[in-house]
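1. Model the following, please.
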Amino acid sequence: MKEILYKSTRSEDGYLNASEAILKGLADDGGLFVPTEIPKLDVSVDALSKMTYQQVAYEVMKLYFTDFTEEELKTCISKAYDEKFDTPEIAPLTEVDGAYYLELFHGKTIAFKDMALSILPHLLTTSAKKNHVKNEIVILTATSGDTGKAAMAGFADVEGTRIIVFYPHGGVSPIQEKQMVTQKGNNTYVVAIEGNFDQAQSGVKAIFGNKELAKEMDEKGFQFSSANSINIGRLVPQVAYYVYAYAKLYAQGKLVENQVMNVVVPTGNFGNILAAYYAKNMGLPIGKLICASNENKVLFDFFRTGEYDKNREFILTASPSMDILISSNLERLIYKISGNNAAKNQELMTGLSEAGKYEITDAMKQQLDDFYGNYATEEETAAVIRETYEKTGYIMDTHTAVAACTYQKYLKETGDDTVTVIASTASPFKFTRSVMNAIDSKYDKLDDFELVDELAKIGKMKIPNAIEEIRNAEVRHNNLVRVDDMEAIVKKLLAL
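-> Numbers count the residues shown, from 1 in each chain. Got it, this is the predicted structure:
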C-alpha cells in the first residue's frame, strides 16, 4: 500500500507520517496537516455494502494512516465503535420525507463528534507509543458545545493524557454545559471563557504557537496535542461514515453502482463537510456538497462571492455548535484549490488574521463547483422542526434542521432530485428547549429535564443515557476566566 505523508498547509517544510501528524495536531507554522495526496478507495461498493461499520472504517482509515499496522488500527477501531453506541449500525440511515438522515448521534455524548472522538484517544496513545513519547500528552481544545464533552468522554482517565477544554460562557445549550461541567475523570479540566467560540479557538491556537511555553512544558514532562477538528486524526474517521452511508444505500437498492448521491452538512468549523469532500476525492460518487449555515452565514457568503469576511456581528443562535465565524478547516480546502500552494494559502490566512478577511482568485473559485451554500434563519429552522414533526413524527435537532431547511432551498432552486443524505449531527435531546419550543411554545414553561421527558413522550423515543446520567450529576468544574487569562489557567491546572 502506498505510504501517505502529511505536510503543513502554510509551508513546504518537512513531511510527517500519520502518527506524527496526529501527535502534533497543529503544524509549527500554524498550518493544518494535509495528506500529500488523497488516496483512492481500493475496494468495490459491492464489497463495502456487505461490511459492518467497523470494517468500512478500516478500509478507509488504512489508506490514510499507513504507518499503523493492521492490528494497531483494527484495535483502535474496535475500542472506539463498541457498546458505547446505542445502535449496532453505529450510524443508521433513516428515510424521512424524501431524504436519508445519517444519524451520527448514537454515541456516548449524542453528537456527531463521538464518531471521531471515540477513536482519537486510541489513535493518539498508539501514536505516542510508536514514536516513543515519554511526555504526558495534554489535549487542549476549544468547543462550541459538542467537541468538548465528546473529547472528555473519550480521554477521561486514559493513561498518559490530560485534557483541558475551553468553551464560551453562555454560548452553549444548558444540556451541553451540564454535560461538560459534570464530567468525571481525574485528568479532565473544563474552563468557561468570557467570550465567544472564535475567541476560545484563537486563544487555543495562540497557546499552541507559544514556543517558550512548549519548552517549559517539555521540561516538566508535558506536550500539547489537539482534539479539535484541526487534528487529522479527527478528520479521517469522519470520511468513513460517508463511505458507509453510500454502501448502505447501495445495499438497500436505493443506489446502483456509480450512481451519484448528494450530501447536506450543517457546517460550522467545516470539518464534517470537508470529510465528505475527501470521500468524493477518494472516488466515492458524491455529487453536490451542500453546505448549510445558520445566521452566522460567513460560509454562505464565501461560496457566493469568493470573499471570506469574519468582520460581522457574532449571532447566538439555537444551533450553537455552528455559531462560528472562523471556519478553521476551510483552510484545508483553500490549500487544495490553490493547487497545494502553501505560499498562496499563507498569504490568505495572514489576511484573515490581520484584516479578518481574504478573497480567493477566479481560478480558485472555479474549483468550488462541487459546493452549494445556503443558510437558514432562526424562524426557518424552527419551522422545519415543527413541520417535519407534524408531517412524519420525526423530531430533529436544531443543527439538523438548518441542514434540512438548506436542502429545501437547494431543491427549490435547482430541481435536483438526486438521492440525498443529510448529516444529522446531534440528538434532539441535546437542544430540548429550542426543539420543543419550535414544536409548540407551550413547552417553554417546563424546566430542562421536564422538557427531556416530554420530548421522549411525544417523539416515542428512549431518553439517551447521556442525558439520564447528568440529570442529578454534581458539578465538578466551575472555572471562568477572561480570554487573556487562558494561558495562565493552563499553567495553573498543570502546576507549571
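2. Buried residues, stretch 489-496. List them.
-> Applying a neighbour-count criterion of 16 or more other Cβ atoms under 10 Å, the buried positions in stretch 489-496 are 489-490, 494. (C-beta placed from N, C-alpha, C; glycine too.)
3. swap in stretch 153-171?
-> Under the neighbour-count criterion of 16+ other Cβ under 10 Å, stretch 153-171 has 153-156, 158, 161-169, 171 buried.
4. and the next element down the chain from whatever helix or strand residue 190 lives in?
-> According to DSSP states H and E, residue 190 maps onto strand 188-193. Next in sequence after strand 188-193, counting helices and strands by DSSP H and E, comes helix 197-208.
5. returning to that earlier point: give me the subset of the buried residues of stretch 153-171 that lies in strands.
-> 161-168 (DSSP state E).
6. Could you find the closest non-adjacent residue to residue 333?
-> Spatial nearest neighbour of residue 333, chain neighbours left out: residue 274 (6.2 Å); criterion: Cβ to Cβ, 6 or more residues apart in numbering.
7. Tell me which helix or strand comes right after the helix or strand where that neighbour lies.
-> Using DSSP H and E, residue 274 falls within helix 271-281. Remark: after helix 271-281, the chain's next helix or strand is strand 286-293, criterion DSSP H and E.
8. Can you give the distance of that following strand from its chain's centre?
-> 16 Å (Cα atoms, centre = their mean, to the nearest Å).
9. Pull up the pairing partners for that strand, direction included.
-> Paired strands of strand 286-293, with direction, are strand 261-266 (parallel), strand 371-375 (parallel) (DSSP bridges).
10. Just put those in a markdown table and tack on mean neighbour count, mean pLDDT and distance to residue 455.
-> Listed next are those as a markdown table, based on neighbours: other Cβ atoms under 10 Å; pLDDT from 0 to 100; distance: least, Cβ to Cβ, whole Å:
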| stretch | mean neighbour count | mean pLDDT | distance to residue 455 |
| --- | --- | --- | --- |
| strand 261-266 | 27 | 98 | 20 |
| strand 371-375 | 21 | 98 | 26 |
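11. Generate TSV for those, with distance to residue 472 as supplementary columns.
-> Formatted as TSV, these follow (distance: least, Cβ to Cβ, whole Å):
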stretch	distance to residue 472
strand 261-266	31
strand 371-375	38
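12. my guess is the residue nearest to residue 333 contacts residue 234, does it?
-> No - using Cβ atoms under 8 Å as the test, residue 274 is too far from residue 234 to be in contact (10.6 Å).
13. Tell me which of the two has more neighbours.
-> residue 234 (27 against 24; other Cβ atoms under 10 Å).
14. Give me the angle between the host helix or strand of the more buried one and strand 286-293.
-> Residue 234 belongs to helix 232-251 when assigned by DSSP H and E. With axes from the mean of the first three to the mean of the last three Cα atoms, to 10 degrees applied, the angle from helix 232-251 to strand 286-293 works out at 120 degrees.
15. Check which helix or strand residue 352 maps to.
-> In this assignment (DSSP H and E), residue 352 forms part of helix 342-355.
16. An error on my part: the question was meant for residue 334.
-> Going by DSSP H and E, residue 334 is part of helix 330-337.
17. I'd like to know which elements that helix is packed against.
-> If contacts are counted by 3 or more Cβ pairs under 8 Å, 6 or more residues apart in numbering; DSSP states H and E, helix 330-337 sits against strand 33-35, helix 271-281, helix 342-355.
18. how about those in TSV, adding distance to residue 119 and mean pLDDT?
-> Output for those, formatted as TSV (distance: least, Cβ to Cβ, whole Å; pLDDT from 0 to 100):
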stretch	distance to residue 119	mean pLDDT
strand 33-35	17	97
helix 271-281	13	98
helix 342-355	28	97
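19. between those, which gets nearest to residue 211?
-> Each of the helices and strands packed on helix 330-337 has some distance to residue 211 by Cβ to Cβ; the shortest is helix 342-355, at 17.7 Å.
20. what about that closest one, distance to the chain center?
-> Mean-position distance between helix 342-355 and its chain equals 23 Å (Cα atoms, centre = their mean).
21. same deal with stretch 478-496?
-> 25 Å.
22. swap in stretch 234-254?
-> With Cα atoms, centre = their mean as the basis, stretch 234-254 stands 16 Å off its chain's centre.
23. Low-confidence regions, the stretch 351-496 of the chain specifically.
-> For the stretch 351-496 of the chain, no stretch is flagged by pLDDT under 70.
24. can you give me the helices for it?
-> 362-365, 378-392, 398-414, 432-439, 448-459, 465-468, 486-493 (DSSP state H, counting those that start in this stretch).
25. In TSV: the ones you listed, plus distance to residue 241.
-> Converted to TSV, those look like this (distance: least, Cβ to Cβ, whole Å):
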stretch	distance to residue 241
helix 362-365	28
helix 378-392	22
helix 398-414	15
helix 432-439	23
helix 448-459	23
helix 465-468	19
helix 486-493	32
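26. what about residue 253, how many neighbours?
-> 7.
27. Centre of the chain to the helix holding residue 274, how far?
-> Relative to its parent chain, helix 271-281 has a centroid offset of 12 Å by Cα atoms, centre = their mean.
28. And stretch 278-288, by the same measure?
-> From the chain centre to the centre of stretch 278-288 is a distance of 18 Å (Cα atoms, centre = their mean).
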